[in-house]
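**Q** any chance you could fold what I've pasted below:
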Amino acid sequence: MWEVPVSSIQTGVNVADGAITGTLKYLPAGNAITNVWGPGNFLALQMSNIPQGVTSVKVGLDPSAGSGLVELINDPDKNGVFKITNKDAQEFVVVMTGPKGRTEQRFSLKGLTCETA
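**A** Next comes the predicted model:
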């Protein structure tokens, strides 16, 4: 369901078995992402293969650094970039709503390596 975009912000990122692993590079100030969210480590994901009949897909981090869960269903590219502030305390959350009701998936971030400045 998740594809990981090739990016200069991360390497070896994998989503499997309720966990996200890989290495997140440190982004310093002065680019489009850090101009909004500040310097730090960011995870980029692209959702694909949304099940038929799903009417809402909300994604985000828990706890969030401010944006909370964000609706993704009408996003044309289904890409997301998420600031990881504490990989040991945060989880990546996906909440889908469809004909069978609401489902929630949580992914541990403890297996991520966050590079420093």
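
**Q** only C-alpha atoms for contact and neighbour calcs from this point on.
**A** Noted.

**Q** isn't Gly22 right up against Val15?
**A** No: checked against C-alpha atoms under 8 Å, the pair Gly22 and Val15 is beyond contact range at 9.1 Å.

**Q** send me stretch 109-117 as CSV with only the CA atoms.
**A** Extracted in CSV, the C-alpha atoms of stretch 109-117 (Å, rounded to 0.1, in the frame of the first residue of the first chain):
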residue,chain,number,x,y,z
LEU,A,109,9.0,4.5,13.9
LYS,A,110,11.5,3.1,16.4
GLY,A,111,13.5,1.3,13.6
LEU,A,112,14.3,4.6,11.9
THR,A,113,17.8,6.1,12.1
CYS,A,114,17.7,9.9,12.3
GLU,A,115,20.9,11.6,11.2
THR,A,116,22.0,14.7,13.1
ALA,A,117,23.2,18.1,11.8
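
**Q** tell me which residues in that stretch are buried?
**A** Leu109, Leu112, Thr113, Cys114 (16 or more other C-alpha atoms under 10 Å).

**Q** which residues are contacting it?
**A** Applying C-alpha atoms under 8 Å, 6 or more residues apart in numbering, the contact partners of stretch 109-117 are 19-28, 41, 87-88, 90-92.

**Q** Lys78: which of those is nearest?
**A** Closest approach between those and Lys78, by C-alpha to C-alpha: Phe92, at 15.3 Å.

**Q** that older thread, just the buried residues of stretch 109-117: which are in strands?
**A** Residues of those located in strands (DSSP state E): Leu112, Thr113, Cys114.

**Q** and the first one, bridged to which residues?
**A** This points to Leu112. Gly22 (DSSP bridges).

**Q** want to throw the buried residues of stretch 109-117 into a markdown table with pLDDT?
**A** Shown next, in a markdown table, are these (pLDDT from 0 to 100):
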| residue | pLDDT |
| --- | --- |
| Leu109 | 98 |
| Leu112 | 98 |
| Thr113 | 97 |
| Cys114 | 97 |
